[in-house]
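A.B. asks: Could you look at this predicted model? Sequence included:
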Amino acid sequence: MKKILIILSIVFWGCTESTPFQQPKKTTASPSPNKIQVLNVGSFHFGFTSDATSVEFDENDAEKQQEIRELSKLLARFKPTIVCLEYIPEYHQEINTAYQAYIKQPEILNTNYGELSMVGFDVAHMNGLKQVFGIDNHMGYNYSLGDFIENSPELENSIDRETYLELTNEPFKHYPEIADLNDHFDELSLIEKLRLINDPVMLDYSLNTNADKLLYVGIDSGFQGAEQAAQFYLRNMKIYSNLNRIKMNKEDRVLILMGSAHTAMLREFIQRSPKFEMVNTLDYLKP
């Protein structure tokens, strides 16, 4: 059984009340005819990953594969014309060669690329798409800098140690229902896991855990934490730029399937975009 990693993260410190599995209310009652509709879905990785937190998930188990098929059916209802996945564009030929092979034998899930091929290929095939697109960008950064400082007696966090530790040790302090679900994450079904991951509170948690809590970290008068957080933001800005490299028009419908930290960051860009409009992800994760 393979172990895989899930990036989940938080913000929302007491500003508004939120309950699990509720997206913020949209300001428009119906989709804008002048914007490209986007289904922005965060996931954990179904295979090997270098992410920092792990959860057990055997992608070769027959019951798990049945759950994956059901997930794909739910997402396919969005009827995407473009499917964007978490791989760098340089791998476009390799991934799409594998996708073409899958189209010829769709009864066997391709597990070689985790959720990208197991869900991404399946949804693309169900909607008759000829190819999938990679929008990832690889950049390294030290998201553990704050912990390193905390564990180094010779170093001292000179910015705001109290808030950093609260975000680290009590991320769901104001959200007991989310905390309870997260504590029992392994007991949830695949669909329930994805609903939790895509809850707005959890997406905010992804941003805090992966970057924003570093804004409370620094040594002396330096900005070491902010500089590392900036690398995370830069990587996701490049991912968003890769999304915009894809030629599309207002009739297109875009499914994005990535790790939840990327999903959370893309949400920030898409919400302000004159080009895109997000649908409610949780509407497409209802069994």
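C.D. replies: Now that the structure is in, tell me what you want to look at.
A.B. asks: ok, Leu257 - contacts?
C.D. replies: Going by Cβ atoms under 8 Å, 6 or more residues apart in numbering, Leu257 touches Val41, Ser43, Leu75, Val83, Cys84, Leu85, Glu86, Glu115, Leu116, Val119, Gly120, Val123. C-beta here means a position set from N, CA and C on the backbone, and glycine is covered the same way.
A.B. asks: Next, find the distance separating the closest residue to the second one other than its chain neighbours from Leu109.
C.D. replies: Same thing as Ser43. Nearest residue to Ser43, sequence neighbours excluded (Cβ to Cβ, 6 or more residues apart in numbering): Glu115, at 5.1 Å. Taking Cβ to Cβ, to the nearest Å as the measure, Glu115 falls 11 Å from Leu109.
A.B. asks: Against His45, how distant is the nearest residue to Leu190 once chain neighbours are set aside?
C.D. replies: Using Cβ to Cβ, 6+ apart and skipping residues adjacent in sequence, the residue nearest Leu190 is Glu67, 3.9 Å away. Here the criterion is Cβ to Cβ. By it, Glu67 lies 15 Å from His45.
A.B. asks: Neighbour count: the two, which is higher?
C.D. replies: Per other Cβ atoms under 10 Å, whichever of Glu67 and His45 has more neighbours is His45, with 24 against 17.
A.B. asks: which residues of this structure score low on pLDDT?
C.D. replies: Applying pLDDT under 70 to the chain flags the ranges 1-29, 47-56.
A.B. asks: where do the helices sit along it?
C.D. replies: Listed in chain order, the helices found in the chain under DSSP state H are 62-76, 92-104, 115, 121-126, 145-150, 161-169, 176-183, 190-197, 200-210, 224-245, 260-271.
A.B. asks: ok, Thr111 touching Phe46?
C.D. replies: Yes. Using Cβ atoms under 8 Å, Thr111 is in contact with Phe46, at 7.5 Å.
A.B. asks: Name the residues contacting each of these two.
C.D. replies: Glu59, Met118.
A.B. asks: More neighbours: which of the two?
C.D. replies: Phe46 (24 against 16).
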